[in-house]
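Visitor: The following block contains a protein sequence and its predicted model.
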Amino acid sequence: MAKQPRPLRGKVVAVTGGARGIGRATATALLRQGARVAIGDIDPELAGRTASELGSGCVALELDVTDGESFARFLDAVERELGPLDVLVNNAGIMPLGPFHEETDRTATRQLDINVHGVIIGTKLALARMRPRRSGHIVNLASYVGRVPFKGGATYVASKHAVVGLSYAVWMENRDVGIEVSVVMPGVVNTELGSGLASTRGIKVVEPEEVADAIVEALRRPRIDVYVPRSLGVIWRIGAVLPARAGMLMSRLFRSEGVLSDADRTARAAYEARAAGAGPSPAPEADEPADRVEAAS
């Protein structure tokens, strides 16, 4: 007999990078389920507007996921305003694209700080709250490229492989104490981060609401791996048993090999400019934007 889905009404959920994209869609879907949601974002003004638009049950808080003290203050405020933390959604991330040999060290460091260290920090802090209560669920936003590498975004691919591996290891360490972990692996998502990326035979563009619905489903019926769309899981399982060269041929067959490298640079220009200023970082140079962004993964 199938297990009954877990109700989310009254659950306290913290969503990082929640002011836009997948984060906003996830907050919306959770509020619809009756959860109480805190969105954390590096842009407190945008987060405030988002929370106001989403209405009752949603609060906005400033958060720099790369700063442990900032993350701790965020979760303290979540519990102070909404109650004990039930769910953390590690969603914040950036995706600069381009040939690896042209990538600056500063760009690589930013991606790892936000996409990897931010997830590590948040996961540790959440576990410190959840383990004593023997209850909780951590959702980490990775990407399908965390399973299957693509050219044109090597450091981003590496960061998402790290999130997948981290999520599985944390799940194995904590499942016996009542902690659930899910790693979400969407393909191309119709958000600013995914701008300029096209659908292919193997990877179709999905809406952030589809990712949000998959997250809600994983919370109601817990599972470790969440592919969006689900067909990506089938494609990965087929590719996983093939030799590397055969896997590359399959990518060419599905026309997915260039999903990152063939991105429309003009369409991505605005996002890339904002992502170039993502923190933490030293003071921006004269030719760089001063704003900072944490977009949905």
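Guide: Received the coordinates, thanks. Residues are numbered from 1 along each chain as shown.

Visitor: Was I right to think M185 contacts R147?
Guide: Yes: at 6.1 Å, M185 counts as touching R147 under the criterion of CB atoms under 8 Å. All C-beta spots, glycine's among them, are computed from the backbone N, C-alpha and C.

Visitor: So which of those two has more stuff around it?
Guide: M185 (27 against 22; other CB atoms under 10 Å).

Visitor: tell me the contacts of the more buried one?
Guide: When contacts are counted by CB atoms under 8 Å, 6 or more residues apart in numbering, M185 touches A142, S143, Y144, G146, R147, V164, D225, V226, Y227, V228, L232.

Visitor: Show me the helices in the stretch 1-150 of the chain, by range?
Guide: With DSSP state H, counting those that start in this stretch as the criterion, the stretch 1-150 of the chain has helices at 21-32, 44-54, 68-81, 105-111, 118-130.

Visitor: which of those helices is buried the deepest?
Guide: helix 21-32 (a mean of 25; mean count of other CB atoms under 10 Å).

Visitor: Name the residues that touch that one?
Guide: Helix 21-32 has contacts (CB under 8 Å, 6+ apart) with 8, 11, 13, 15-18, 37, 39, 41, 50, 54-55, 57-58, 89, 91-92, 141, 186, 189, 191-193, 207-209, 211-213, 215-216, 295-297.

Visitor: quick one: average pLDDT of it?
Guide: In this model, helix 21-32 has a mean pLDDT of 97.

Visitor: That one to helix 44-54, inter-axis angle?
Guide: 40 degrees (axes from the mean of the first three to the mean of the last three CA atoms, to 10 degrees).

Visitor: Using JSON lines, please lay out the helices of the stretch 1-150 of the chain together with distance to A154.
Guide: Listed next are those as JSON lines, based on distance: least, CB to CB, whole Å:
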{"stretch": "helix 21-32", "distance to A154": "22"}
{"stretch": "helix 44-54", "distance to A154": "30"}
{"stretch": "helix 68-81", "distance to A154": "27"}
{"stretch": "helix 105-111", "distance to A154": "9"}
{"stretch": "helix 118-130", "distance to A154": "19"}
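
Visitor: between these, which one is nearest to D264?
Guide: Proximity to D264, assessed across those by CB to CB, is greatest for helix 21-32 (18.2 Å).

Visitor: Off-centre distance for that closest one?
Guide: Computed by CA atoms, centre = their mean, to the nearest Å, the chain-centroid distance of helix 21-32 equals 13 Å.

Visitor: For L260, which non-adjacent residue is closest in space?
Guide: Leaving aside its chain neighbours, L260 sits nearest to G152 (3.6 Å; criterion: CB to CB, 6 or more residues apart in numbering).
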